[in-house]
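J.: mind looking at a prediction? Sequence and model below.
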Amino acid sequence: MSSEAKSAESFVEKPKTLAGLHEGIVSGRTKAVDLAANYYDRIAQKNPRLNAYLSLTKERALAQAEDVDKAAAKGDPLGVLAGIPVGIKDVLVMKGAPATAGSKILKGYRPPYDATVVSRLEAAGAVLLGKLNCDEFAMGSSNENSAYGPVRNPVDTERVPGGSSGGAAAAVAANMAVATLGSDTGGSIRQPASFCGVVGVLPTYGRVSRYGLIAFASSLDRVGPFASNVRDAATMLGVIAGHDSKDATSSTTPVPDFAAESDKGAERLRIGIPAEYFGEGLDPEVGAAIERGIAALKAAGCVVKPVSLPHTRFAVPTYYLIATAEASANLARFDGVRYGYRSPASENLAAMYSHSRDEGFGAEVKRRILLGTYALSAGYYDAYYLKAQQVRRLLAEEFLRAFAEVDAIVTPTAPTPAFKLGEKTGDPQAMYLADIFTVTASLAGICGVTVPCGTTEAGLPVGMQVLARHMNESAAFRVARAVEAAKI
Amino acid sequence: MTAKVTVKDVERVAELAHLELGPEETPAMLHDLNAILDYVAELNELDTTGVEPLAQVSELSLEGSSKGALRADAIRPSLDRADVMPQAPETDGAFFKVPKVIER
């Protein structure tokens, strides 16, 4: 480590594996209530510096832990996540608990229902510790757009954890949860997982219900897990995946046992390397780490070959047009009428709307609403929104062509390691380029996993992104397991 | 696609989006919008004649797509009013109260 990285505090601590903890709970050696108390102690100790949790759901967590312990004592069958402490990004709702989405406009809001993924985690026995910080309405790549202050990266507290699911990534890296749920619209799970040195999963579009997710861009939004290792992430996905009649985009494709699938090894899998992800703008240390990962995949028996994704450079502009257009529509619901913040003393209804939105939204959210409204407005719709949707098809089709030749595609997850707090806040476009390697899969609807793949000389984590075709998460998990096993 | 956004455009779009911009915010947003729109103009390099727009990716994942899977049109209970209304900034328990809509 360089002297610079050494001088900053590090909060990194790997949790025990989910399988190990599960075994302890089932045997009765570990009490779920003790485990929960232990995690709340860790949070009390680390959170004042890291700011990963925005609120805690202690009462509900301890009641769930007690139920798990009672069931274990009786010898009842236990869910795969029985007693496992899990954190939830604050864009997903839990009945009665705060749900701010990192915004002032939802301060004080207590949703009257649970997200489907929240219900599924609890049905599997998970103990939900609290709600995790994020960029406002999941718009950002550094967590600096949260109205409740930035999260700090547990690896180096002078650096950002990435975003928008910065709290969800940092909580796992610092062992303030065994696993967490985040959301990913253009890279919001994968990029922070990469920056914090943990595993993050982008499930196929439609694989996981979004019922109870506060919407940002509905044709792109996905919910997915973070964990400290690939197998745990696969187990988490297995719990939350599957059809939900409450989400019209939810797929009926059967859900395999992802954890068991991930055990199958990567031998003979065909891996594509797209040159477009290794050019200008890629930090050389990140590139070198990914090359070591590719060499490890060859050693593990994978067949590595080049693939071509020539439209890659058009992905960021395409993404920003589509995501902002959809956001401008989704965020129209925040008007000070039914929930959340209302500006006091407005003379009429129209003024109440605009005052509430002006005072409730931060700068980046306003910027994106304005861009989206402009792109959808009369006279510009064809030139911007429609054009972007056409390019989106070209991007998706070239992925489908590539996946006819290979089982997975590997790339760097982000062009750089975690940057410093404040480094990019003045330049929205520079911030948008942090998503340059992640927005492509978002637009195409395909799935992926980011797995730690070595560090830079300063000790900053590098993530490898493993992409696979729609509904083929299993292939991505198998390849990610091989990279993880190589201990790069 | 290379049209320059003017102060007037920003004000019009802000009005459409029910956003109020302060006197310092408008020039900053004007600058950012123009910079971002210049950047997205790169898409003009691509000839997309005849390319069908892709609005929803569900159609791409062939098996088990939710396309065409409609739920039964049956009456089901939704959230209880007693759970929902307490979240409102101003309510009489049955309705959302808002400032005057029409001056008379």
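T.: Right, received. Where do you want to start?

J.: please name the bridge partners of A:V307.
T.: A:P274 (DSSP bridges).

J.: which phi and psi values does the residue nearest to B:G22 when sequence neighbours are not counted adopt?
T.: Counting by C-beta to C-beta, 6 or more residues apart in numbering or on different chains, B:G22 lies nearest to A:D358, which is 7.8 Å off, once chain neighbours are set aside. The way it works is simple: take the backbone N, C-alpha and C, and place the C-beta from them, glycine included. Main-chain torsions, A:D358, degrees, to the nearest 10: phi -60, psi -40.

J.: how many residues are close by A:D358?
T.: A:D358 has 17 neighbouring residues, counting by other C-beta atoms under 10 Å in any protein chain shown.

J.: cool, and B:E52?
T.: Look at B:E52: counted by other C-beta under 10 Å, it has 9 neighbours.

J.: residues of the stretch 151-300 of chain A that sit close to chain B?
T.: Residues of the stretch 151-300 of chain A lying close to chain B by C-beta under 8 Å from any C-beta of the partner chain are A:204-206, A:219, A:243, A:245, A:248-254.

J.: in the stretch 301-450 of chain A, what residue lies closest to chain B?
T.: The stretch 301-450 of chain A approaches chain B most closely through A:G445 (2.9 Å), counting by C-beta to the nearest C-beta.

J.: so where's the stretch 201-350 of chain A uncertain?
T.: Nowhere does the stretch 201-350 of chain A drop to pLDDT under 70.

J.: switch the cut-off to 90
T.: Within the stretch 201-350 of chain A, the ranges that satisfy pLDDT under 90 run A:248, A:280-281, A:345-346.

J.: try chain B
T.: Low-confidence segments of chain B, defined by pLDDT under 90: B:1-4, B:22-24, B:56, B:58-74, B:76-78, B:100-104.

J.: how close does the residue nearest to the spatial centre of it get to A:S103?
T.: The residue lying closest to the centre of chain B (C-alpha atoms, centre = their mean) is B:A17, at 8.2 Å. Distance of B:A17 to A:S103, given as C-beta to C-beta, to the nearest Å: 16 Å.

J.: thinking again about what came up before, restricted to strands, list the residues of the stretch 151-300 of chain A next to chain B.
T.: Residues of those located in strands (DSSP state E): none.

J.: farthest-separated two in those residues?
T.: A:S219 and A:P254 (23.8 Å; C-beta to C-beta).

J.: just want to know which of the two has more residues nearby.
T.: Neighbours were counted for A:S219 and for A:P254 using other C-beta under 10 Å; A:S219 has more, 21 against 11.

J.: list the buried ones in stretch B:90-104?
T.: Neighbour-count burial for stretch B:90-104, counted by 16 or more other C-beta atoms under 10 Å in any protein chain shown, picks out B:91, B:98-99.

J.: do the same with stretch A:90-109
T.: Within stretch A:90-109, the residues that count as buried by 16+ other C-beta under 10 Å are A:90-95, A:97-106, A:109.

J.: count the neighbours of A:F278 for me.
T.: A:F278 is flanked by 15 other residues according to other C-beta under 10 Å.

J.: show me what contacts the residue lying closest to A:I43 once chain neighbours are set aside?
T.: Among residues not flanking A:I43 along the chain, A:M176 sits closest, at 5.1 Å (C-beta to C-beta, 6+ apart). By C-beta atoms under 8 Å, 6 or more residues apart in numbering or on different chains, the contact list for A:M176 reads A:39, A:42-43, A:46-47, A:50, A:52-53, A:87, A:129, A:170.

J.: apply 10 Å and report the result again.
T.: A:11, A:13, A:15, A:39-40, A:42-47, A:50, A:52-53, A:85, A:87, A:129-130, A:132, A:154, A:167, A:170 (C-beta atoms under 10 Å, 6 or more residues apart in numbering or on different chains).

J.: wouldn't B:A14 be in contact with A:K366 here?
T.: Yes - using C-beta atoms under 10 Å, B:A14 is in contact with A:K366, at 8.4 Å.

J.: which neighbours do the two share?
T.: Listed contacts common to B:A14 and A:K366 are A:357-358, B:20-21, B:25, B:29; contacts here mean C-beta under 10 Å, 6+ apart.

J.: top of those by neighbour count?
T.: A:R357 (25 neighbours).

J.: give me the element it is part of.
T.: A:R357 belongs to helix A:349-360 when assigned by DSSP states H and E.

J.: pull out the buried positions in the longest helix along chain B.
T.: Looking across chain B with DSSP state H, the single longest helix is helix B:25-40. Buried positions in helix B:25-40, judged by neighbour count with 16+ other C-beta under 10 Å: B:25, B:29-30, B:32-34, B:36-37, B:40.

J.: so which of the buried residues of stretch A:90-109 reach chain B?
T.: Contacts with chain B within the buried residues of stretch A:90-109, counted by C-beta under 10 Å from any C-beta of the partner chain: A:95, A:109.

J.: thought B:L16 was touching A:L370, still the case?
T.: Yes - contact criterion C-beta under 10 Å: A:L370 and B:L16 qualify, at 9.2 Å.

J.: would you say A:T180 is within a helix?
T.: No - assigned with DSSP: H, G, I helix; E, B strand; the rest coil, A:T180 falls outside any helix and is strand.

J.: specify the beta-bridge partners of it.
T.: Bridge pairing for A:T180 - DSSP bridges - gives A:G87, A:F226.

J.: mind checking which of the residues of the stretch 151-300 of chain A next to chain B are buried?
T.: Using 16+ other C-beta under 10 Å as the burial test, these include A:204-206, A:219, A:243, A:249-251, A:253 as buried.

J.: list just the nearest of these to chain B.
T.: Within those, proximity to chain B (C-beta to the nearest C-beta) peaks at A:T253, which comes in at 3.2 Å.

J.: next up, the contacts around residue 47.
T.: Just going to use chain A. Contacts of A:N47 by C-beta under 10 Å, 6+ apart are A:11, A:40, A:53-54, A:56, A:130, A:133, A:151, A:167, A:170-171, A:174, A:176.

J.: my bad, the chain I had in mind was chain B
T.: A:Q390.

J.: how close does it get to A:A402?
T.: Separation of B:D47 from A:A402 (C-beta to C-beta): 22 Å.

J.: related to what we said a few turns ago, of the buried residues of stretch B:90-104, closest to A:V316?
T.: Among the buried residues of stretch B:90-104, B:V98 lies closest to A:V316 (C-beta to C-beta), at 39.7 Å.

J.: run a quick neighbour tally on residue 57.
T.: Because you didn't say which chain, this covers chain A. Using other C-beta under 10 Å, A:T57 is surrounded by 22 other residues.

J.: to clarify, I was referring to chain B.
T.: 23.

J.: and the helices in chain B?
T.: Going by DSSP H, chain B shows helices at B:7-16, B:25-40, B:81-84.

J.: any chance of these in CSV, plus distance to chain A?
T.: Converted to CSV, those look like this (distance: least, C-beta to the nearest C-beta, whole Å):
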stretch, distance to chain A
helix B:7-16, 5
helix B:25-40, 4
helix B:81-84, 4
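
J.: quick one: which of those is nearest A:T440?
T.: The minimum distance between A:T440 and the helices of chain B falls on helix B:25-40, with 15.8 Å, by C-beta to C-beta.

J.: got the contact list for A:S442?
T.: Residues near A:S442 by C-beta under 10 Å, 6+ apart: A:184-188, A:190, A:202, A:205, A:217, A:219-222, A:315, A:319, A:322-323, A:392, A:395, A:435, A:448, B:57.

J.: mean confidence for the helix or strand harbouring it?
T.: According to DSSP H and E, A:S442 maps onto helix A:439-444. Here helix A:439-444 scores 98 as its mean pLDDT.
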